[in-house]
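Undergrad: attaching a predicted model along with its sequence, questions to come.
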Amino acid sequence: MTSDVSTGGGRSLRQLFEESVWRHFYADMHLEEPAVAQYVSTLLADFARSDRLYAIQNEAGKRLDDLGEMLIESDPSSKASSFDRERAVRKHMGDYTLFMTGLFPESVGKSRSQRQIRLDGFLDFVQTGKESYAIVSSFDQFEYRDEAPLFRRLSEHFETCVMGLNLVKQDLENFQSELFSQRKAPLS
């Protein structure tokens, strides 16, 4: 599994994410929410695999990478076949927007080509992420009861999590530079 690959220093990618998320969420952002930090670090490790980042598919089986298409897919009055489907898509939308705005803010809402118009270009990613987590938190009965408070906190602290992930991105860039320097040194 990609998320358990060694980073070269004896740590797995999952451990690297955990250390960085916890350090920045607690020390820099003063977000002392263990469940939120654990959820976000696990999310990063899971989304290191593109099949998990693009896990939502439409009825034709096409993987959705456009937030606007995901929003349509989550609508229980038209596309979503059940409230469970709405919750699953909305949870993924919250995760996707948090990941993208935290680690890749420069690519949020951008189309891959000038000819392609993306629906997510018309959406506010942060607001959509917060709203998606709030909707997921409203599923607070039966099997979802225990998870609902976590998603409420993710919605309430969405911007703080994004800023913390921006710092995690800096760590990852520094780590990548260090690895490149180590690999390049013997070649000189």
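TA: Great, that's in hand. Since we're looking at a predicted model, the values are computed, not measured. Numbering: from 1, shown residues only.
Undergrad: and the longest helix for the chain?
TA: helix 158-184 (DSSP state H).
Undergrad: how about that helix: buried residues?
TA: 158, 160-165, 167-169, 171-172, 175 (16 or more other Cβ atoms under 10 Å). The way it works is simple: take the backbone N, C-alpha and C, and place the C-beta from them, glycine included.
Undergrad: by contact count, what packs against that helix?
TA: Counting contacts by 3 or more Cβ pairs under 8 Å, 6 or more residues apart in numbering; DSSP states H and E, helix 158-184 is packed against helix 13-23, helix 34-47, helix 83-103, helix 125-137.
Undergrad: of all the ones you listed, which one comes closest to R183?
TA: helix 13-23 (17.1 Å; Cβ to Cβ).
Undergrad: packing partners for the closest one?
TA: Helix 13-23 packs on helix 34-47, helix 158-184, going by 3+ Cβ pairs under 8 Å, 6+ apart.
Undergrad: re earlier: I'd like the mean pLDDT over the longest helix of the chain, please.
TA: In this model, helix 158-184 has a mean pLDDT of 90.
Undergrad: for stretch 57-64, same thing?
TA: 91.
Undergrad: and if you look at stretch 12-28?
TA: In this model, stretch 12-28 has an average pLDDT of 95.
Undergrad: so how far is it from its chain's centroid?
TA: For stretch 12-28, the separation from the chain centroid amounts to 15 Å (computed by Cα atoms, centre = their mean, to the nearest Å).
Undergrad: before we move on, the earlier item: who wins for proximity to F139 among the helices and strands packed on helix 13-23?
TA: So among the helices and strands packed on helix 13-23, helix 34-47 is nearest, using Cβ to Cβ, at 15.9 Å.
Undergrad: what comes up buried for the next helix or strand after the closest one?
TA: Counting by DSSP states H and E, the next helix or strand C-terminal to helix 34-47 is helix 50-53. Using 16+ other Cβ under 10 Å as the test for burial, helix 50-53 gives L53.
Undergrad: show me what the following helix or strand past helix 50-53 is packed up against.
TA: The helix or strand immediately downstream of helix 50-53 is helix 67-74, counting by DSSP H and E. Counting contacts by 3+ Cβ pairs under 8 Å, 6+ apart, helix 67-74 is packed against helix 83-103, helix 125-137.
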